[in-house]
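**Student:** Attaching a predicted model along with its sequence, questions to come.
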Amino acid sequence: MDFFHIILAVLPFSVFCLLLIFRRSTSLFKISLITLITTVLIAVIFWQSPFSIISFSLSKGFFIALDILFIIFGAILFLEILKKNKITESLAFHLNNFSPDLRIQVIMLAWFFEGFLEGIAGFGTPSIIVAPLLIALGLSPLKAIVISLLGNSTSVPFGAVGTPIRIGFAGINLDLLSIGSSAAIYNFVGLLVPVFMLWVLLSSNSKRLSLFFQGLPFAIWSGIAFVVPSFLASLFGIEFPSIIGAIIGILLIIITSHFGLFTPKEIYNNLSTTAEKKINLLPLKKTIFPYALFIVLLIIAKIFLSGLKISVPFISYSINLFNPGFILLITGTIIAIYSKINWQNFKYTLRLAANKSIEPFLVVAAMSAVVQIMNNSANFNLNLLSITQTISEIFSTRLLPILAPFIGALGSFITGSATVSNIMFGPSIYSSSLSLGFNPIKILSLLLVGAGAGNMIAIADVLAAKTVAGGNDSLRKIIFSILPYCLIYLVLVALFGIFF
């Protein structure tokens with residue numbers, strides 16, 4: 001592949017990143033639209049992609065974005081109904097009864113509860129459920145979004161019952177269990193994520209350092225309590241490491257906290273939540289009922305609906321009937337009926353959810369179309385690889401073990417999915433690893449773990465979390481707040497990959 005086509009291949013990503021960084025007044029939708037137009041022009045002019053390929057890719061991008069639309073719409077409806085019933089406020093109060101220390105509460109929610117949700121559902125569900133709960137604990141929207149997105153990382157390689165491996169590497173002739181257990185080793189870097197959360201939580205506190213070091217043993221222990229059981233589970237299958245890691249981890253935390261092990265000696269809490277009056281707050285059973293109902297329905301749907309799909313004619317795309325957005329919508333409706341919310345309030349909530357979902361849907365549709373055009377742009381008559389394969393050619397180097405995590409993160413950042421990132425880059429990275437003499441299981445494991453880290457800054461997930469959490473912080477500010485932690489994670493995984 002000549003240098004000119006390589007430059008053209010990376011141009012859409014370059015345009016997107018430059019506009020995101022330097023054009024602060026430009027909306028994300030406009031940036032995504034400009035990126036899409038740039039990609040279409042490059043594909044048509046230089047790859048000579050026919051109109052049929054462009055229209056096919058645009059259509060497929062639209063239907064992919066529908067999945068995200070359903071999730072955001074369902075999440076907003078669910079959370080608005082919880083707010084109307086004072087359920088999030090009540091949960092914050094009951095968490096305070098378990099432990100009055102805000103550091104422990106945040107890690108319990110953003111690390112263990114998110115890990116469990118990711119293990120079952122994926123699709124960005126963990127951060128959109130947990131971010132509003134963190135706000136209920138007294139965190140600012142920015143802190144809540146950043147911490148919830150940090151939590152949606154280490155559990156991702158085994159998310160949605162192993163989907164990133166089972167589907168992401170489906171076309172590659174390797175033992176998937178070996179990839180999973182190898183990835184679980186590199187995933188030990190994730191034990192630092194609760195430490196990152198702790199640092200972000202205390203960012204505006206004048207006693208930040210002392211409070212941080214007091215909470216550090218608990219944060220490190222929380223990391224270990226998740227990644228070790230997750231690794232052991234990965235030796236037996238790729239479906240349950242994140243679920244088992246979260247369940248065993250939280251049991252270990254409950255036991256050690258009961259005996260005062262690793263917990264901070266000095267209590268740190270948010271006065272606005274601990275001093276909250278108990279008037280009108282719900283009892284514990286009623287508080288956890290919506291979340292328990294959601295999890296039960298999610299598990300039932302995963303068992304019975306995950307294999308059922310509706311095929312979209314002409315574009316070789318199927319809409320999976322298992323979508324967490326549908327479950328959120330059903331759960332929210334049941335809670336609305338149970339709590340006797342009047343029809344006018346319910347209609348207002350439906351309109352609010354629809355209005356808040358439009359812009360994220362348009363952004364994801366544009367960026368999904370970009371990815372589809374890049375994937376489908378191969379022109380065998382001109383002996384041209386697709387734009388995606390051309391980008392992968394850049395990484396065909398002896399530095400591949402170092403670059404693999406960053407490639408995975410790039411894929412997740414753009415597509416919003418570790419699974420799609422693996423589908424995009426997995427085959428070409430696999431071929432490169434063989435031609436360069438590297439162990440392909442190791443390289444694909446690094447790609448997978450990098451994709452999990454990249455989920456922290458995935459555009460679709462950031463948009464979804466921002467939409468449900470509210471606040472006036474721009475997407476740029478959110479991404480750049482998370483980026484240093486994502487880069488630390490990726491560098492450590494890359495260094496791990498060099499020596500192991």
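**Tutor:** Structure's in. What do you need? Residues are numbered from 1 along each chain as shown.
**Student:** least trustworthy helix or strand in the protein by mean pLDDT?
**Tutor:** Here the helix or strand of the chain ranked lowest by mean pLDDT, DSSP states H and E is helix 271-274, holding a mean of 50.
**Student:** From the rest of the structure, what touches the helix or strand just after it?
**Tutor:** Under the assignment DSSP states H and E, the closest C-terminal helix or strand after helix 271-274 is helix 284-305. Applying Cβ atoms under 8 Å, 6 or more residues apart in numbering, the contact partners of helix 284-305 are 78, 82, 87, 90-91, 94, 117, 120-121, 129, 161, 320-322, 324, 326-328, 330-331, 334-335. For the C-beta atoms, the positions are set from N, CA and C on the backbone; glycine is no exception.
**Student:** out of the residues you listed, which are buried?
**Tutor:** Among the contacts of helix 284-305, those that count as buried by neighbour count (16 or more other Cβ atoms under 10 Å) are 78, 82, 87, 90-91, 117, 120-121, 129, 161, 322, 324, 326-328, 330-331, 334-335.
**Student:** Figure out how far the helix or strand in which residue 425 is found is from the centre of its chain.
**Tutor:** Counting by DSSP H and E, the element that carries residue 425 is helix 418-436. Relative to its parent chain, helix 418-436 has a centroid offset of 20 Å by Cα atoms, centre = their mean, to the nearest Å.
**Student:** Extract the CA atoms of that helix and return them as PDB.
**Tutor:** Listed in PDB are the C-alpha atoms of helix 418-436, where the atom choice follows Å, rounded to 0.1, in the frame of the first residue of the first chain:
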ATOM      1  CA  ALA A 418     -15.000  -3.500  22.100                       C
ATOM      2  CA  THR A 419     -16.700  -6.200  20.000                       C
ATOM      3  CA  VAL A 420     -16.900  -4.000  16.900                       C
ATOM      4  CA  SER A 421     -13.300  -2.900  17.500                       C
ATOM      5  CA  ASN A 422     -12.200  -6.600  17.500                       C
ATOM      6  CA  ILE A 423     -14.200  -7.300  14.300                       C
ATOM      7  CA  MET A 424     -12.600  -4.300  12.600                       C
ATOM      8  CA  PHE A 425      -9.000  -4.900  13.500                       C
ATOM      9  CA  GLY A 426      -8.900  -8.500  14.700                       C
ATOM     10  CA  PRO A 427      -8.400 -10.300  11.300                       C
ATOM     11  CA  SER A 428      -5.600  -7.900  10.000                       C
ATOM     12  CA  ILE A 429      -3.800  -7.800  13.400                       C
ATOM     13  CA  TYR A 430      -4.000 -11.600  13.500                       C
ATOM     14  CA  SER A 431      -2.400 -11.800  10.000                       C
ATOM     15  CA  SER A 432       0.300  -9.300  11.000                       C
ATOM     16  CA  SER A 433       1.100 -11.200  14.100                       C
ATOM     17  CA  LEU A 434       1.600 -14.400  12.100                       C
ATOM     18  CA  SER A 435       3.800 -12.800   9.400                       C
ATOM     19  CA  LEU A 436       5.900 -11.100  12.100                       C
END
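**Student:** Go through the helix or strand following it and flag the buried ones.
**Tutor:** Taking DSSP H and E as the definition, the helix or strand that follows helix 418-436 towards the C-terminus is helix 440-454. Within helix 440-454, the residues that qualify as buried are 440-454, counting by 16+ other Cβ under 10 Å.
**Student:** Among the buried ones among the contacts of helix 284-305, which ones are in helices?
**Tutor:** Among the buried ones among the contacts of helix 284-305, the ones falling in helices (DSSP state H) are 78, 82, 87, 90-91, 117, 120, 129, 161, 324, 326-328, 330-331, 334-335.
**Student:** Who are the contact partners of residue 73?
**Tutor:** Taking Cβ under 8 Å, 6+ apart as the criterion, residue 73 is in contact with 325, 329, 353-354, 357.
**Student:** from these, which single one is nearest residue 49?
**Tutor:** Checking these against residue 49 with Cβ to Cβ, the nearest one is residue 357 at 30.7 Å.
**Student:** those helices in the stretch 351-500 of the chain, which residues are they?
**Tutor:** Ranges of helices in the stretch 351-500 of the chain, per DSSP state H, counting those that start in this stretch, are 387-394, 400-415, 418-436, 440-454, 459-469, 475-499.
**Student:** Pull the second one out as PDB, backbone CA atoms only.
**Tutor:** In PDB, the C-alpha atoms belonging to helix 400-415 read as follows (Å, rounded to 0.1, in the frame of the first residue of the first chain):
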ATOM      1  CA  LEU A 400       3.000  -4.700  17.400                       C
ATOM      2  CA  PRO A 401       2.900  -5.900  21.000                       C
ATOM      3  CA  ILE A 402       3.200  -2.300  22.100                       C
ATOM      4  CA  LEU A 403       0.700  -0.900  19.600                       C
ATOM      5  CA  ALA A 404      -2.000  -3.600  19.900                       C
ATOM      6  CA  PRO A 405      -3.700  -2.200  23.000                       C
ATOM      7  CA  PHE A 406      -3.700   1.300  21.400                       C
ATOM      8  CA  ILE A 407      -5.300  -0.100  18.200                       C
ATOM      9  CA  GLY A 408      -8.000  -1.800  20.300                       C
ATOM     10  CA  ALA A 409      -8.600   1.500  22.200                       C
ATOM     11  CA  LEU A 410      -8.900   3.400  19.000                       C
ATOM     12  CA  GLY A 411     -11.500   1.000  17.700                       C
ATOM     13  CA  SER A 412     -13.600   1.300  20.900                       C
ATOM     14  CA  PHE A 413     -13.200   5.100  20.900                       C
ATOM     15  CA  ILE A 414     -14.600   5.400  17.400                       C
ATOM     16  CA  THR A 415     -17.200   2.500  17.400                       C
END
